[in-house]
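Enquirer: Take this sequence and fold it.
(2 chains)
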Amino acid sequence: MTNDTARFTRRRFLIGAGAAGAAVGAGVLLDRLAAPGSRPAAEEAAGPLVLVTLYGGNDGLNTVVPYDDPAYHRARPTLAYTPGEVLDLGEGLGLNPKLAGLHSLWQSGHLAIVRGVGYPQPNLSHFASMDIWQTANPPDGSGAGWVGRWLDLADDDPMRAISVGATLPPLMRGERRSATAVTAARITLAGAPPLREAYAALQAPAADREGLAAAVAASGSDLLAAAADLDRLSTSPGGQAAPAGASDLRSQMAVVAELINAGAPTRVYEVSLSSFDDHADEKPDHEQLLSELDSAITGFLDSVSGHPAGRRAVVMTYSEFGRRPAENASGGTDHGSAAPLFVAGLGVKGGRFYGEEPSSTSLDADGNPLHNVDFRSVYATVLDRVLGADPDKVLGGKYPPLDFV
Amino acid sequence: MPGDTLSDVAFLYRRAGFGLRPDELERAAAGGYDSAVESLLAGLGDAPDPGAAGLAEPTFTSGPPPRGAGASQAERAAFAKAVRSDVVGLQRWWMNRMITTSTPLREKLTLFWHGHFATGVSKVRDARLMYMQNQLFRSAGAGSFEALTQAVAKDGAMMIWLDTSTDKKAHPNENFAREMMELFTLGIGNYTQDDVTAAARGFTGWTYDRSRYEYVFRPAQHDYGFKTYLGETGDWNGEDIVRIAVTRPESARFVVAALWSHLAYPVAPSDPVVSDILPGYGESLSIAGAARSVFLHPEFRSAQSRTGLLKQPAEYLASASRALGLDASLASSASGDQRPGPRSAPDLPALAGALGQTLFNPPNVGGWGQNGYWLSTATAHVRMQAAMLLARKADLSGLSSLPVRQRVAAAGELLGLVDGWGPSTAAALSRVAADPVALLALALVSPEFVLA
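Expert: This is a model prediction of the structure:
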């Protein structure tokens, strides 16, 4: 199927769904329409993928706690959790006490934990390491984001990938295409129709503009395209606003839930939570962030569980690095390396670990754990099994997939 | 066009300030380009700012955060509310300074340093400390880079933001040490993890007394041992750590490249143009000297430079408000509530935040990005909303009184775009020339005005 037919089919379908006032089934049908014919796995492609970026370096050891390991307790005289505090996962590991919702998902088989995820020669800079994670391009982290490269290989549908927030992270930027950024599930354009028509004319591609001037205009024309697409969705029923006073991540994930429940054809969403850089007085701050993460993910899965696409949604967390096993004298931890990440969803093969727990005694020269799973294997898995894409093309190499979905 | 004095001076004041209104431009350009550069530089350091003299200093209702288990939930909630209110007042005050200032380069450099030494009130939780840091950028932001960095290292907001105030010799905290080298003075690749560890030892014993608002050195927590740091061995203290970093040749390239990137267009420290600016920065690490060299460099006024930078959201909103004669002040009503006055701009701090730039709360210690960073469908949407709000508030009687066919060009002059519109922008604007509010709103979201 060519890009043009895929786009045409999708748009025709959306209009039809709007007229019928029912979006149920949109995801299934669209996945079938969009699937390359030769890939049997794509028939049951899970999608959409919801990426949760945890900025600042989440402390992996106090998220998935090796409560049975004496080395952990030696390294963390004030920050360690006792075996009685954590939520047991087996194998001497337990979840942080603030992750009760994720623990329930684990018990019902809907949360997988990939342990020891990282890359060779870990970079301890937040920015360099986050660039590496977002571009899947160690050691320099340059170039387009890995979702951006996936977009470059697809059609130009502005709804394929959506980031919730004002600015777009490098992750969601390709060489030719970028994701749509929204702060709500609907875009209400200001001004009367003559102004909107003039706005469309102002932002249309023009021969007398290049470089940044052309990029400014392109963001305006992308806005109009996205607004039109969201407008068609808005006739569908469904949609949950975040409860009043909800945390930022909960609000962002409520926007994603609303889009999924409205039948959005989006395959990748991105949301984020910041402030994981706990160099001092870590415990209360970290617990508060994990509470937020816990309620956001469980609340999200709950609110999309009535929609077929929602039942196939896969939520994946990642951060630029974990934190050093040895705590500092400020009651915090410094920049680390390999860490666990979460994959949650009704279609996830959960309740089990993937990858080995890093050794707590053989550390690198900076005192950080060695990784067991290359982060590109995690990306290869979701590219192949969630997005139905060719991971080798997006990642520029072969990385053995895992079996978590 | 480059080479035309009016055009060059208008461009200079867009990059070194927040633009000029047509009457201001004639005066600023009267003595020629070089003289305009000197008058901008004269407004640095302790120079008076008559334009902003009428602004009331921000007030603070909250003190240091409640500590320990003694504080109740209600006390904590009340404190958080007071901080939020203080921060909005502070943001409004700073936006007003940008709009009304007679020393625009000083305000521009203050904004530059806020992004460079990016510190967030979300963790500092005291708007007064953010104000004190902001005033430091204003008073010391054009002198010696070493003096500025030494002062920032002992600044309360920074010491809390990057945890220097908890750095103890038993097991030093690396946060400030790393970011000082990576983001503030040297750039990644110019130091090792061993340098981070050594630098962290140098800052041990540095603390900040939040209740008295002062830096305190605690000798018992300081590591007096020898440290090998950036190739030099000695019993370095924190001041030595800063001095050794900022006097490295890589630091000069790093700082000058950052300055060029925010005044002209983004470059890497290795870019040849950086070498041309280094003599201006000199042995004294003079920020004003480097800025002068930037403005006088032929490349600064080139076509590449003119199309190489977008306005940051705060600059965008301040420039638009300044051109339209709006300000961010609120008037007190009879009941004592703060309400928008007749010429009050829309809620500029909130709009800047919706565009991705919450003043005093950057996304992280890396500050904000440039150019493409500010472009997304979400920011395009907010920019159009902001443009409508600004245009509705502005006094457009001058524009309305003109024949419709002259209004498109007049809107460009009003916004300080001396070179006029590109053909496709002019064609789009002429569709709504009959409606001055729509015309101006559209002009404000044109690529010509969004570019810096």
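
Enquirer: what's near enough to touch B:Met1?
Expert: Contacts here follow CB atoms under 8 Å, 6 or more residues apart in numbering or on different chains; on that basis B:Met1 touches B:Ser7, B:Asp419. To be clear about C-beta, it is placed using only N, CA and C from the backbone, and glycine gets the same treatment.

Enquirer: Now the element after the strand or helix carrying B:Ala252, going C-ward?
Expert: Element membership of B:Ala252 [criterion: DSSP states H and E] is helix B:249-263. Counting by DSSP H and E, the next helix or strand C-terminal to helix B:249-263 is helix B:272-281.

Enquirer: So which bits of the helix holding B:Ala252 are buried?
Expert: B:250-263 (16 or more other CB atoms under 10 Å in any protein chain shown).

Enquirer: go on, stretch B:288-305?
Expert: For stretch B:288-305, by 16+ other CB under 10 Å, it's B:Ala288, B:Gly289, B:Ala290, B:Ala291, B:Arg292, B:Ser293, B:Val294, B:Phe295, B:His297, B:Phe300, B:Arg301, B:Ser305.

Enquirer: ok, the last one touching B:Ala264?
Expert: Same thing as B:Ser305. Yes. Counting by CB atoms under 8 Å, B:Ser305 does reach B:Ala264; the two are 4.7 Å apart.

Enquirer: Which neighbours do the two have in common?
Expert: In contact with both B:Ser305 and B:Ala264: B:Glu299, using CB under 8 Å, 6+ apart.

Enquirer: Show me the strands in the chain, by range?
Expert: Picked chain A for this. For chain A, the strands defined by DSSP state E cover A:49-54, A:64-65, A:87-90, A:93-95, A:111-118, A:161-164, A:180-182, A:268-273, A:314-319, A:339-344, A:353-354, A:373-374.

Enquirer: wrong one, I was asking about chain B
Expert: B:206-209, B:214-217, B:227-229, B:232-234, B:330-332, B:338-340.

Enquirer: winner for burial among those?
Expert: For the strands of chain B, average neighbour numbers computed from mean count of other CB atoms under 10 Å in any protein chain shown are highest in strand B:227-229, which has a mean of 20.

Enquirer: For chain A, tell me whether it is touching it.
Expert: No. Judged by CB under 8 Å from any CB of the partner chain, strand B:227-229 stays clear of chain A, getting no closer than 15.7 Å.

Enquirer: Quickly note the distance from the residue nearest to B:His114 when sequence neighbours are not counted to chain A.
Expert: Distances taken as CB to CB, 6 or more residues apart in numbering or on different chains place B:Phe137 nearest to B:His114, at 6.3 Å, with adjacent residues excluded. To chain A, B:Phe137 is 22 Å away according to CB to the nearest CB, to the nearest Å.

Enquirer: pretty sure B:Phe137 contacts B:Trp113?
Expert: Yes. B:Phe137 is in contact with B:Trp113 according to CB under 8 Å; the separation is 4.0 Å.

Enquirer: Can you tell me which helices and strands the longest helix along chain B packs against?
Expert: Using DSSP state H, we find that the single longest helix of chain B is helix B:73-100. In terms of contacts (3 or more CB pairs under 8 Å, 6 or more residues apart in numbering or on different chains; DSSP states H and E), helix B:73-100 is packed against helix B:104-116, helix B:127-140, helix B:313-324, helix B:348-354.

Enquirer: Run a quick neighbour tally on the residue lying closest to B:Leu296 once chain neighbours are set aside.
Expert: In this structure, B:Leu296 finds its nearest non-sequential neighbour in B:Val37, 6.3 Å apart by CB to CB, 6+ apart. Residues lying near B:Val37 (other CB atoms under 10 Å in any protein chain shown) number 21.

Enquirer: B:Val37 against B:Phe295, yeah?
Expert: Yes. Using CB under 8 Å, B:Val37 is in contact with B:Phe295, at 4.6 Å.

Enquirer: Now do the shared contacts for these two.
Expert: B:Leu12.

Enquirer: for residue 364, what are its contacts?
Expert: Answering for chain A, as no chain was given. With the criterion set at CB under 8 Å, 6+ apart, A:Asp364 makes contact with A:Pro122, A:Ser337, A:Leu370.

Enquirer: wrong one, chain B
Expert: A:Tyr55, A:Gly56, A:His126, A:Ser274, A:Asp277, B:Ala118, B:Gly120.

Enquirer: Thought B:Val365 was touching the fourth one, still the case?
Expert: It refers to A:Ser274. No. Applying CB under 8 Å as the test, A:Ser274 and B:Val365 come out as separate, 11.1 Å apart.

Enquirer: Which of those two has more residues huddled nearby?
Expert: For A:Ser274 versus B:Val365, the count of surrounding residues by other CB under 10 Å is larger for B:Val365: 24 against 16.

Enquirer: wait, the more buried one sits on B:Arg178?
Expert: No. Under the criterion of CB under 8 Å, B:Val365 makes no contact with B:Arg178, lying 9.5 Å away.

Enquirer: any weak-confidence spans in the stretch 301-450 of chain B?
Expert: Low-confidence segments of the stretch 301-450 of chain B (pLDDT under 70): B:330-342.

Enquirer: How much space separates the residue in the stretch 201-350 of chain B that chain A sits nearest to from A:Tyr354?
Expert: Residue nearest to chain A within the stretch 201-350 of chain B (CB to the nearest CB): B:Thr307, separated by 5.6 Å. Separation of B:Thr307 from A:Tyr354 (CB to CB, to the nearest Å): 49 Å.

Enquirer: Also B:Gly19?
Expert: 56 Å.

Enquirer: again, but for B:Pro272
Expert: Counting by CB to CB, the gap from B:Pro272 to A:Tyr354 is 49 Å.

Enquirer: more neighbours, the two?
Expert: Just comparing B:Pro272 and A:Tyr354: by other CB under 10 Å the higher neighbour count belongs to A:Tyr354, 22 against 8.

Enquirer: tell me the contacts of that one?
Expert: Neighbouring residues of A:Tyr354 by CB under 8 Å, 6+ apart: A:Ala112, A:Ile113, A:Val114, A:Arg115, A:Val373, A:Leu402, A:Asp403, A:Phe404.

Enquirer: quick one: which of those is nearest to chain B?
Expert: Checking the contacts of A:Tyr354 one by one against chain B (CB to the nearest CB), the nearest turns out to be A:Val373, at 23.4 Å.

Enquirer: since we're on the residue lying closest to that closest one once chain neighbours are set aside, how many residues are nearby?
Expert: Leaving aside its sequence neighbours, A:Val373 sits nearest to A:Gly355 (CB to CB, 6+ apart; 3.9 Å). Using other CB under 10 Å, A:Gly355 has 21 neighbouring residues.

Enquirer: tell me the phi and psi of A:Gly355?
Expert: When read as degrees, to the nearest 10, the backbone of A:Gly355 gives phi 80, psi 160.

Enquirer: that older thread, just the buried ones from the contacts of A:Tyr354?
Expert: Applying 16+ other CB under 10 Å to those flags A:Ala112, A:Ile113, A:Val114, A:Arg115, A:Val373, A:Leu402, A:Phe404 as buried.
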